[in-house]
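Asker: Provided below are the primary sequence and the corresponding predicted coordinates.
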Amino acid sequence: MKVLYVCPVEMAASGRLDLVDSLTGHRGRVWNVSWNPTGTVFASCGEDKTVRLWTKSSGQRTWMNKTVLTDGHQRTIREVAWSPCGNYLASASFDATTAIWDRKSGEFECNATLEGHENEVKSVCWAKSGNLLATCSRDKSVWVWETSEDDEYECAAVINAHSQDVKKVIWHPHDDILASSSYDNTIKLFREDISDNDWINCGTLASHESTVWGIAFDKTGTRLASCSDDKTVKIWQQYLPGNPEGVVTQSNEPTWKCVCTLSGYHSRVVYDIAWCHQTDLIATACGDDAIRVFKETPSSHKNQPEFELICTVHRAHTQDVNSVAWNPKEAGLLASAGDDSRVNLWQFKEETIIF
């Protein structure tokens, strides 16, 4: 009787980013791109002190610069962020202010300017609830602002937990928990202490060896990705009090542990990171002019996850890539911004290699 030997089939994940559009209009560096909640419009900002809104008409393939917001700032605009309802846009500037743009009249107009930081405002972000806004600055502080129905903004807290320039603030995808990253190599988590109506540091994540430029939560809010000047990406896992793994927690607060470090992929500083809440893909923006996409492997484990590099676009921009942002509704659509004055749009397509 003949015995047939069947060679096992091995498969590896792969993919590519196809350039959809390359948009011009900004003068100088483009620092940041941000999608509105419906994924139909995105904002970009940069060295030219403007915010540009981009959209495409029904049936059209190309994206157009619909609106240019000017006169909101006196210096470079470092970051833009949409409110959860999409009716407000916040812009953070090196002029130490944050502008709030409102489109109640049909067009976006600057209806408030938030002041208080002593130096450049590096990042701004709205909480999922829409009632809170966070900013951070070179002055080492993180500010939490409360919003009201009559469009008033009041400082609820000034947090001085970092010892150096604070680069980024992001809110948890579901709860009013704030994360910040800093030149002091750490990530810190904050929440409001209802008992004394103040914001407290409820966690410090320390593993990077240099500035932490970017942070991003996954869709569950139980994992956090960070990128750094040390050329690595780290994945952090949340462990609640009484967790079955036996990870020690203190003061009834969750503990966050670094469970994965991606090293050897980036040749220069990693400036930004985006975790897609539709596909779970992670994209990075790097000073080596490249965009990289990582995917968790099927055999990955919660406490020891494994991620593989499935796509690299060398020369994604002709100079440093500063920002990447996944579209919140259209799976695989990625926007990027660079020092080359361009905003690029990419479509990720997954492939499987059989060998």
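Answerer: Okay, I see it. Numbering: from 1, shown residues only.
Asker: tell me the mean pLDDT over the helix or strand hosting N32?
Answerer: Assigned by DSSP states H and E, N32 belongs to strand 30-35. In this model, strand 30-35 carries a mean pLDDT of 98.
Asker: go on, stretch 112-123?
Answerer: Across stretch 112-123, pLDDT averages out at 97.
Asker: Just the strands from the stretch 1-150 of the chain, written as ranges.
Answerer: For the stretch 1-150 of the chain, the strands defined by DSSP state E, counting those that start in this stretch cover 11-23, 30-35, 42-46, 51-55, 64-69, 77-82, 88-93, 98-102, 109-114, 121-126, 132-137, 142-147.
Asker: Mind putting those into JSON lines with distance to K188?
Answerer: (C-beta placed from N, C-alpha, C; glycine too.) Rendered in JSON lines, the data for the strands of the stretch 1-150 of the chain read as follows (distance: least, C-beta to C-beta, whole Å):
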{"stretch": "strand 11-23", "distance to K188": "32"}
{"stretch": "strand 30-35", "distance to K188": "21"}
{"stretch": "strand 42-46", "distance to K188": "25"}
{"stretch": "strand 51-55", "distance to K188": "28"}
{"stretch": "strand 64-69", "distance to K188": "31"}
{"stretch": "strand 77-82", "distance to K188": "18"}
{"stretch": "strand 88-93", "distance to K188": "18"}
{"stretch": "strand 98-102", "distance to K188": "20"}
{"stretch": "strand 109-114", "distance to K188": "21"}
{"stretch": "strand 121-126", "distance to K188": "13"}
{"stretch": "strand 132-137", "distance to K188": "10"}
{"stretch": "strand 142-147", "distance to K188": "8"}
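Asker: quick one on the thing from earlier: neighbouring strands of the strand holding N32 in the sheet, and parallel or not?
Answerer: Strand 30-35 has these partner strands in its sheet, going by DSSP bridges: strand 42-46 (antiparallel).
Asker: What lies in contact with the partner strand?
Answerer: Applying C-beta atoms under 8 Å, 6 or more residues apart in numbering, the contact partners of strand 42-46 are 26-36, 51-54, 76-80, 82, 89, 91, 325, 327, 335, 337, 341, 343.
Asker: ok, of those residues, which come out buried?
Answerer: Burial by neighbour count, judged by 16 or more other C-beta atoms under 10 Å, picks out 26, 29-36, 51-54, 76-80, 82, 89, 91, 325, 327, 335, 337, 341, 343 from the contacts of strand 42-46.
Asker: Apart from its chain neighbours, what residue comes closest to N243?
Answerer: In space, not counting the residues next to it along the chain, N243 is nearest to T249; the distance is 7.4 Å by C-beta to C-beta, 6 or more residues apart in numbering.
Asker: What about the one you found, how many residues nearby?
Answerer: Neighbouring residues of T249 were enumerated by other C-beta atoms under 10 Å; the total is 14.
Asker: Same check on the one 3 residues further on?
Answerer: Per other C-beta under 10 Å, the neighbour tally for N252 reads 9.
Asker: Assess the claim that it and P241 are in contact.
Answerer: Yes - between N252 and P241 there is a contact under C-beta atoms under 8 Å: 5.4 Å.
Asker: thinking again about what came up before, and the residue nearest to N243, what does it touch?
Answerer: Residues counted as contacts of T249 (C-beta under 8 Å, 6+ apart) are Y239, L240, P241, G242, N243, T255.
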